[in-house]
Every structure is written in C-alpha cells, then in structure tokens.
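Visitor: A predicted structure for the sequence below; I have some questions about it.
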Amino acid sequence: MKTVKCWIIWALLLLASALPLSGCTNVISDPLKIRISFDANGLSMTGALLKLSNDARIPIGVEYVDRQQLTQIVPVHLSSATVDDILRAIFRTRPDYIWSVREGVVLITNTAIQRVNNNIFRLLIPSYVLNRDATVQEASNLLWMTARLVLDPSISGFAGEYSSGDLKRTVSRTAIDTKTVSDILNYIVACDGLTSWIVQRPFASSSPIPSDEPWMMVNHLSTKGHEDEIVENLLSHFPEDKPRAPH
C-alpha cells in the first residue's frame, strides 16, 4: 500500500465540474435477498457484520457503532438464510438498529441518530467531483476533504500524506451533485462491489469538525478472516461507557 502526498485545491475541484457523470454497472439490486449459510464463529455484532459482507460478497455501510456492538458476541449459525434473516439474528437483542438498501448497499443505522441534526452522514454535499479514475480510498479521502470544505468554506486547500489504498479497488471518474455523505459513500463502495464502509468513532458529528475521516473503508478480500483485528482497532476509539448521540 503506497502513500501519496496530496495537495488538493478547491479551485481545481471546481474546474473539474464539467467532467461527465459515470454510473455504476455492477450494483446489486436487492442484496437482502441473497441466500447463504452463515456462521458468526464467536464474533461480535460488528465482526459478524464484516464477515457477512465478506461471505455474501455485498457492500455494507454502517453509520452507527457503540461499544456493545463491538464487544457482544452473537451466536449466529444459519443454514441457507437470506442476508435480511442473518441481520435479524445478529441484531436480535438490539431492536434500535435498522437497515435498508441504498443504491445496492445495505445501510445499517440506529434510531438514536435518526433525528440528530449534526450527523456527518446526513451532511449535504453540493458537488462531489472525482476528476480521474481513483482507488476506493482516494475517492473516500476526496469525499472527506469535500465535506470539510462544505463545513468550513474558508479552507483553501489540504496538504499531507494520505493512503491511496488497494490499487486494484478503483472507482471511475464521476460528478455527483446534491447528495449526502452517506449517499456518496454508498456510491463509492457499490461501484467497487468488494468494499464496505463503517463509522470509526462513537458518534460521527459534524460539530466540531473532526480532524480525520469519521469512517473507514474495509476491503473484503484483504480483511477476510481478520474481522477481530478490525473490531479491536475500532474499539480503541470507544470509551468504556456506552456513548449516547447528542440531542
């Protein structure tokens, strides 16, 4: 995985806005109906979600995670069950979690953040422009930079080192207008088909503006069998007490 130094200037994004919009051709119409046999293998709720995305080969998006979801083991063992049935089994003790299909992605959220105004995933992005084919991680990096510019228009550019991610996981150049952060994340992973995204802090608030990306991209091929490691990494960002979404 190489690291690239990115100098992103907002003016360049505006100049790229004339590029044509490209759509995804490999979007799964209804991933909830896919039928597989599934064994959680002693994983937590979050680990089971990641394993499900790997086993069913479907992209998922997770807007809300708490400590219980990261630590509670789910004894799920199902034979020839739909993805929807498996999700019901994983969240059997957590009726506050809900899910739906958005652009071929199974989007998982929680009732606790449905009406919160500063949810970063509900932030409306006026224009997201990917002016060249890019890796999934590069597309994600650009989305976060674009979101920060929406939150703070005084920013003139960005300098720093950003991971380019897996060079085999790419997204074609595109231009998307007036969509939420969640919508664009779903577009990115749906186009790739073998990546999911998950929030990586207790509550992804847009105020104050987070210093780093509130979400992480999870490559199915490189993380299969390593779900516990991802959960441990996420757990390091979560306090001992169950976090509550601000009102």
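Guide: Great, that's in hand. Numbers count the residues shown, from 1 in each chain.
Visitor: every contact and neighbour count from this point should use C-alpha atoms.
Guide: Fine.
Visitor: ok, residue 107 touching residue 61?
Guide: Yes. Residue 107 lies in contact with residue 61 (C-alpha atoms under 8 Å); the separation is 4.6 Å.
Visitor: can you name the residues bridging to the spatially most central residue of the chain?
Guide: Centrality entry for the chain: nearest residue to the mean C-alpha point is residue 197, 2.2 Å, by C-alpha atoms, centre = their mean. Bridge pairing for residue 197 (DSSP bridges) gives the partners residue 61, residue 217.
Visitor: OK, contacts around it?
Guide: 59, 60, 61, 62, 185, 189, 215, 216, 217, 218 (C-alpha atoms under 8 Å, 6 or more residues apart in numbering).
Visitor: tell me the pLDDT at the third one?
Guide: So the one you mean is residue 61. pLDDT, residue 61: 97.
Visitor: how about the contacts made by it?
Guide: Residue 61 neighbours (C-alpha under 8 Å, 6+ apart): 105, 106, 107, 108, 185, 186, 196, 197, 198.
Visitor: one more pass at 6 Å, please.
Guide: Residue 61 sits next to 107, 196, 197, 198 when contact means C-alpha atoms under 6 Å, 6 or more residues apart in numbering.
Visitor: now the residues you listed in a markdown table, with distance to residue 125 and pLDDT?
Guide: A markdown table is the format used below for these (distance: C-alpha to C-alpha, whole Å; pLDDT from 0 to 100):
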| residue | distance to residue 125 | pLDDT |
| --- | --- | --- |
| 107 | 19 | 97 |
| 196 | 20 | 96 |
| 197 | 18 | 97 |
| 198 | 19 | 96 |
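Visitor: ok, so of these, who is nearest residue 171?
Guide: residue 196 (13.5 Å; C-alpha to C-alpha).
Visitor: what is the neighbour count of the closest one?
Guide: Per other C-alpha atoms under 10 Å, the neighbour tally for residue 196 reads 28.
Visitor: so it sits right up against residue 218, yeah?
Guide: Yes. Proximity of residue 196 to residue 218 meets the contact threshold set by C-alpha atoms under 6 Å, at 5.1 Å.
Visitor: do you know how far the closest residue in space to residue 227 that isn't next to it in sequence is from residue 26?
Guide: Among residues not flanking residue 227 along the chain, residue 47 sits closest, at 5.2 Å (C-alpha to C-alpha, 6 or more residues apart in numbering). From residue 47 across to residue 26, the span is 26 Å (C-alpha to C-alpha, to the nearest Å).
Visitor: just residue 71 next, same as before
Guide: Applying C-alpha to C-alpha to residue 71 and residue 26 gives a distance of 34 Å.
Visitor: higher neighbour count, these two?
Guide: residue 71 (16 against 11).
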